[in-house]
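Asker: structure for this input, please:
(one chain, ligands or ions: 2)
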Amino acid sequence: MNVSIYPILLGFERCYLIKGEGVIMIDGGAPGRIDRFEKGIARITIEPEEIQLIVITHGHIDHIGSARDIKKITGAQIAMHQRDMDCLERGAKLVPPGVNTWGRVLIKMLTPLLTRVHIPITEVDLILGDEGLSLREYGIPGKIIHTPGHSMGSVSVILETGEVFVGDLAMNMVPLGLGPGLPIFAEDIQEVKESWRLLLEEGAETVFPAHGKPFSADSLLRALSS
Ligand SMILES: [Zn+2]
Ligand SMILES: [Zn+2]
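Answerer: Ligands and ions are numbered 1, 2, ... in the order given. Just a heads-up that it's a prediction; the model follows:
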């Protein structure tokens, strides 16, 4: 099966559309990004109604904020891990600890802003457990895997061809002078590394993060052994 990958930049965060025999979307962007979503999808050969499933990698605001509106336009179902789903269903705000200096500074700056941001809530249609989910029935040769660490309900989507969509489990934050590697925020950095090991065991070759450009999974291997 031929699979095509289309990034849609919704601002600082990247969502992805994956088209096989069906179409799924990874993540729902920050609040108020629906215009950018519509502009982004207008440029590619996918109609919004073709999207059957939106896999939300985790409950942080920049990944769930436009999910309700994207769901309305596309009619897609939303899949999310049970540990993070209160963020989308109830507007709960998760604030992860900073891992390095950048992370700590940014979280300090963002926390007061975060309290004022409104999250448009909606129902999670497909509640994911730790066992993950095959995407075959959505026409995608791949699966959702529970990859905790950045948040405890973080999931990744891995394709049989080695592309892996990790949300914020890894970042490629070139503007901050950082190369591909660890996220700058995480609930548990040891769990992040465990999840990286799992993805490598599962055959990850190219990492598609939500923040920054795709990079080779060799970077994860190097970071784990350094
Ligand atoms: Zn995050
Ligand atoms: Zn993020």
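Asker: quick check on the nearest residue to Thr206 once chain neighbours are set aside: phi, psi?
Answerer: Among residues not flanking Thr206 along the chain, Glu163 sits closest, at 5.1 Å (C-beta to C-beta, 6 or more residues apart in numbering). Bear in mind the C-beta positions are built from the backbone N, C-alpha and C, glycine included. For Glu163, the backbone dihedrals are phi -80, psi 130 (criterion: degrees, to the nearest 10).
Asker: residues contacting Glu163?
Answerer: Applying C-beta atoms under 8 Å, 6 or more residues apart in numbering to Glu163 gives the contacts Val3, Ile5, Glu205, Thr206, Phe208.
Asker: so the last one bridges to which residues?
Answerer: Going back to what we said before, that points to Phe208. Phe165 (DSSP bridges).
Asker: how much space between the spatially closest residue to Lys93 that is not a sequence neighbour and ligand 2?
Answerer: Distances taken as C-beta to C-beta, 6+ apart put Leu114 closest to Lys93, at 5.8 Å, once the chain neighbours are dropped. Using C-beta to the ion, to the nearest Å, Leu114 is found at 12 Å from ligand 2.
Asker: again, but for Leu221
Answerer: Remark: distance between Leu221 and ligand 2 (C-beta to the ion) = 23 Å.
Asker: quick one: the strand or helix carrying that residue to chain centroid distance?
Answerer: Here Leu221, judged by DSSP states H and E, is contained in helix 218-225. Its chain's C-alpha centre and that of helix 218-225 lie 20 Å apart, by C-alpha atoms, centre = their mean, to the nearest Å.
Asker: list the buried residues in that helix.
Answerer: Neighbour-count burial for helix 218-225, counted by 16 or more other C-beta atoms under 10 Å, picks out Ser219, Leu220.
Asker: show me the shaky parts of the chain.
Answerer: The chain contains residues with pLDDT under 70 at 174-178.
Asker: in it, which spans are strands?
Answerer: 4-9, 14-19, 23-26, 51-55, 77-81, 126-128, 133-134, 142-146, 155-159, 163-167, 171-172, 180-181, 206-209, 215-216 (DSSP state E).
Asker: those strands into TSV, with extra columns for distance to Gln190?
Answerer: Putting the strands of the chain into TSV (distance: least, C-beta to C-beta, whole Å) gives the following:
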stretch	distance to Gln190
strand 4-9	30
strand 14-19	26
strand 23-26	25
strand 51-55	25
strand 77-81	19
strand 126-128	22
strand 133-134	25
strand 142-146	16
strand 155-159	17
strand 163-167	17
strand 171-172	17
strand 180-181	15
strand 206-209	19
strand 215-216	22
